[in-house]
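Q: kindly generate the corresponding structure for this input.
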Amino acid sequence: MISIIEFRDTSFLFLNYGGHMSKKPTYEELEQRVRDLEREKNGNGVIAKKVIHDEDRVLHQIDLKMDPEIKSLDDALASVINTVEIQAIMDDFYHLTNKATAILDLNGKVLQASGWLDICTKFHRINPETACNCRESDIHLAENVKPGEYVAYKCKNGLWDVVTPLYIGDRHLGNIFTGQFFFDDDKVDEEFFIDQADIFGFDKESYLEAVRKVPRISRESVDHLMSFLVNFTTYISRIIIANSQLEEESRERKRVVEALNESETHLRTLIRAIPDLVWLKDLDGIYLLCNSRFEDLFGAKEEDIIGKTDYDFVDRKMADFFRKNDQRAMKSGRPCKNEEDVTFKNDGHHEILETIKTPMYRRDGRLVGVLGIGRDITDRRRADEEKVRLEEKYHRAQKIESIGRLAGGVAHDLNNLLSPVIGYGEMLEEYFSQDEEQREYVEEILKAGFRARDLVQQLLAFSRKQTLEYKPLNLNEVIKEFKKLLKRTIREDIEIELSLLPDIPIIMADIGQIEQVIMNLAVNAADSMPQGGRLTIETGCTCLDENYADTLEDVKTGRYVMLAVSDAGCGMDDMVVNQIFEPFFSTKGDYGTGLGLATVYGIVKQHKGDIWVKSSPGVGTTFKVYLPVSAESEIKEQVEKRTATDLRGSETILLVEDNRQVRDLALSSCGRDIRFL
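A: Here you go, the predicted model:
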């Protein structure tokens, strides 16, 4: 007879059970132990287990997914639940009820068992034919059992078995079995078992003794016991599902962690590879991360920087400056830019950093710190300063050029005015004897005229309008010869030292103008050393590249001879240096005309060269003149042969002059036998 009884699932509560099981547990204690196990699993990391509150729902409707790799109940028990604890519960069930239990797979294989009787272990299960009856019973029960129900079946060996299904999610993987009993309302037919002993060759006395030990149980007790086993299957199912889900979540978490670690590795690699300095601080200025370039700044590794502040690595003034800009960015809520002048501790080099500090927020909008990125702008800043300097030099050269054109025009007109003054003055001087008072007046007029003429020559030199006579020159020889004149001109407390490069290249120059350059520079150097000192004249050879030549006026790339005049005098500041070549600018007060260096500048430029000055107050001054090397390899001596000639003749002279006074002077100096055409 098969009895199918519908099972109504009851709700489970996860209760805190702090007591201990008695030596022989009661039914209530056994149920509580199942609940405790479920709670224990939940506390050990199971994130969620759904509890069924609707009694009409059955176990296979639990909305949880099982690991697809679990293909059998054996796999499930072995992989995700504590089989030792399951066995202990089954043993406790046997001690409480004196009923055997077992967990079977769908093929009738016994996975775990407790309390089995001798009639099964010593007879039915060991004989091939009766064992076949047992398996037939197991399979029959497995095929006919439904979720939420239990099934009773009397096997061919004469004993009753009852089973409830074990579902994992919606998959039926096995059954929980109790059996090897007689119902108390059954009449036990001993003749059947005697025949069994004869048929299968059992020891009759022993076999019948085993039959007599088979317990008798009421159907009501079976219902009560099976209610517990149904709860037990629910526990196993829930634990397996929850642990399967936990393993899946664990695998997913592992994948996420691995992906996160990989992403973090890529991010850190990227940050460390950035050529700029990168760092992150929290609200208190404590470092959270930094890259390799930032490590060089503090001269420490990232692990030694994290957890510390700026005050652990730089002086308080600099740390206060960093902190002030951090707070400014966090207070404003937007990126803030500033410049930081820093020295790297790893090698001591200096950089100017353009730093952008950006406040960092969590997803919920809470401020967590500040991100800093520092870019080296040292070269850019130097380039900007050089650009400004070159622009100033260019504008200064334009101004000097403009003044030079004006000076050239003025000098031409002054020449026209001075020529009659000096010419007529010289003619007038001849009319007076040496002892006449009027001769002194004429001489004073001539002195003023000569000084004015020299001034005009300087103006012409500055404006590059004078006529030069270019010849191949060895600058060393010119300096050696001119040193004699310098010694007579410059004070005795000035020591002149020559440092001349041997075998210096030849230049094409006007020797008189070059001597004037040397003289003007030497006189200025001597004036800057009122207490005496050393004046050094140096020559050398250099090559000006395109970067240098492109920034200067009328200077081409190539080889140049360098003339340097240095002193150890009072020196000049930047403001004076920027105006030093301007005409009529002088630091000597009424004593200077302001045309000495302007004349030098004009002469050098007329020779297609360049002049450069370096000076610092209290250190001294160095002027460097660059003159282009000549294509001629040697100086050719030019010997002029002069022969005596008779200047008298009857030729006709053509006098061309647009200035009337100059024309009249020329006519007067040549006599009256000149006729106009």
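
Q: so how far is Pro628 from the residue of the chain positioned farthest from its centre?
A: Distance from the C-alpha centroid of the chain, by C-alpha atoms, centre = their mean, peaks at Glu191 (94.7 Å). Here the distance between Glu191 and Pro628 works out to 140 Å (C-beta to C-beta, to the nearest Å). For the C-beta atoms, the positions are set from N, CA and C on the backbone; glycine is no exception.

Q: now do the same for Thr26: its pLDDT.
A: On pLDDT, Thr26 comes in at 55.

Q: now do Val368
A: Confidence score, pLDDT, at Val368: 92.

Q: what strands line up against the helix or strand hosting it, and which way round?
A: In this structure, Val368 sits in strand 367-376 according to DSSP states H and E. For strand 367-376, the paired strands and their directions (DSSP bridges) are strand 277-282 (antiparallel), strand 350-361 (antiparallel).

Q: could you say which of these is packed most deeply?
A: strand 277-282 (a mean of 21; mean count of other C-beta atoms under 10 Å).

Q: quick check, distance from it to the centre of its chain.
A: 10 Å (C-alpha atoms, centre = their mean, to the nearest Å).

Q: other residues contacting that strand?
A: Applying C-beta atoms under 8 Å, 6 or more residues apart in numbering, the contact partners of strand 277-282 are 271, 287-291, 293-294, 297, 309, 326, 353, 360, 368-375.

Q: again, but for stretch 190-198
A: 130, 157-158, 202-204, 207-208, 211.

Q: most neighbours out of the residues you listed, which is it?
A: Counting neighbours by other C-beta atoms under 10 Å, the top entry in the contacts of stretch 190-198 is Asn157, with 25 neighbours.

Q: next one: it from Gln180, what distance?
A: Taking C-beta to C-beta as the measure, Asn157 falls 9 Å from Gln180.

Q: next one: Lys204
A: 20 Å.

Q: same thing with Val625?
A: 123 Å.

Q: please compute how far whichever helix in the chain runs longest lies from its chain's middle.
A: Ranked by number of residues, the top helix in the chain under DSSP state H is helix 219-273. Its chain's average C-alpha position is 41 Å from that of helix 219-273, according to C-alpha atoms, centre = their mean.

Q: quick check: angle from that helix to strand 277-282?
A: 140 degrees (axes from the mean of the first three to the mean of the last three C-alpha atoms, to 10 degrees).

Q: helix 219-273 - contacts with which helices or strands?
A: Helix 219-273 makes packing contacts with strand 3-6, helix 27-43, helix 73-80, helix 83-97, strand 149-154, strand 160-168, strand 171-183 when contacts are defined by 3 or more C-beta pairs under 8 Å, 6 or more residues apart in numbering; DSSP states H and E.

Q: which positions within stretch 290-301 qualify as buried?
A: Using 16 or more other C-beta atoms under 10 Å as the test for burial, stretch 290-301 gives 290-291, 293-298, 300.

Q: let me fix that, I meant to ask about stretch 362-381.
A: Buried residues in stretch 362-381, counted by 16+ other C-beta under 10 Å: 369-377.

Q: any idea how far apart the tips of it sit?
A: 36 Å (C-alpha to C-alpha, to the nearest Å).

Q: same check, this time on stretch 202-222
A: End-to-end distance (C-alpha to C-alpha), stretch 202-222: 30 Å.

Q: contact partners of it?
A: Outside stretch 202-222, the residues that touch it by C-beta under 8 Å, 6+ apart are 3, 98-99, 117-119, 122-123, 127, 152, 159, 162, 180-186, 188, 190, 193-194, 196-198, 225.

Q: and it, what's buried?
A: 202, 207-208, 210-211, 214, 217, 221-222.

Q: next: stretch 221-234.
A: By 16+ other C-beta under 10 Å, the buried positions in stretch 221-234 come out as 221-222, 225-234.

Q: distance of the nearest residue to Pro617 once chain neighbours are set aside from Ile306?
A: Spatial nearest neighbour of Pro617, excluding adjacent residues (C-beta to C-beta, 6 or more residues apart in numbering): Gly571 at 4.6 Å. In this view, Gly571 and Ile306 are 50 Å apart by C-beta to C-beta.

Q: now do Ala242
A: Using C-beta to C-beta, one gets 40 Å for the distance from Ala242 to Ile306.

Q: who's more crowded, the two?
A: Between Ala242 and Ile306, counting by other C-beta under 10 Å, Ala242 is the more crowded of the two (22 against 14).

Q: among the buried residues of stretch 290-301, which are in helices?
A: Per DSSP H, those map to helices at 293-298.

Q: could you dump the residues you listed into TSV and include pLDDT?
A: Compiled in TSV, these are given as follows (pLDDT from 0 to 100):
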residue	pLDDT
Arg293	91
Phe294	92
Glu295	91
Asp296	91
Leu297	91
Phe298	91
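
Q: could you dump the residues you listed into a markdown table and include distance to Glu436?
A: Below are those laid out as a markdown table (distance: C-beta to C-beta, whole Å):
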| residue | distance to Glu436 |
| --- | --- |
| Arg293 | 89 |
| Phe294 | 92 |
| Glu295 | 93 |
| Asp296 | 88 |
| Leu297 | 87 |
| Phe298 | 91 |
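
Q: what number of residues lie near Lys605?
A: Here the number of neighbours of Lys605 (other C-beta under 10 Å) works out to 22.

Q: likewise for the one 10 residues further on?
A: Residues within reach of Ser615, counting by other C-beta under 10 Å, total 21.

Q: so what's it up against?
A: Per C-beta under 8 Å, 6+ apart, neighbours of Ser615: 571-572, 576-577, 621-622.

Q: now for the residues you listed, which pair is the farthest apart?
A: Spatially, the most separated pair among the contacts of Ser615 is Val576 and Thr622, at 14.5 Å (C-beta to C-beta).

Q: show me which positions of stretch 156-170 end up buried.
A: Buried-residue list, stretch 156-170, by 16+ other C-beta under 10 Å: 157-169.

Q: measure that stretch end to end?
A: 31 Å.

Q: so for it, mean pLDDT?
A: 83.

Q: where does the stretch 151-300 of the chain have low pLDDT?
A: Across the stretch 151-300 of the chain, nothing is flagged by pLDDT under 70.

Q: any chance of the buried residues of stretch 202-222 in a markdown table, with secondary structure and distance to Thr599 too?
A: A markdown table is the format used below for these (DSSP: H, G, I helix; E, B strand; the rest coil; distance: C-beta to C-beta, whole Å):
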| residue | secondary structure | distance to Thr599 |
| --- | --- | --- |
| Phe202 | coil | 142 |
| Tyr207 | helix | 142 |
| Leu208 | helix | 146 |
| Ala210 | helix | 139 |
| Val211 | helix | 142 |
| Val214 | coil | 138 |
| Ile217 | strand | 135 |
| Ser221 | helix | 133 |
| Val222 | helix | 131 |
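
Q: farthest-separated two in those?
A: Phe202 and Ser221 (28.9 Å).

Q: what does the pLDDT read for Met562?
A: On pLDDT, Met562 comes in at 92.

Q: so who does the closest residue to it other than its chain neighbours touch?
A: Spatially, and ignoring its direct neighbours in sequence, Met562 is nearest to Gly540 (4.3 Å; C-beta to C-beta, 6+ apart). The contact partners of Gly540, by C-beta under 8 Å, 6+ apart, come to 501, 504, 561-562, 564.

Q: and Gly540, how far from Leu627?
A: Relative to Leu627, and taking C-beta to C-beta, Gly540 is found at 11 Å.

Q: related to what we said a few turns ago, secondary structure element for the residue nearest to Met562, which one?
A: strand 533-544.

Q: just the buried ones from the contacts of stretch 202-222?
A: Applying 16+ other C-beta under 10 Å to those flags 99, 117-119, 122-123, 127, 152, 159, 162, 180-183, 193, 196-197, 225 as buried.

Q: relative to Ser227, how far out is Leu353?
A: In terms of C-beta to C-beta, Leu353 sits 78 Å off from Ser227.
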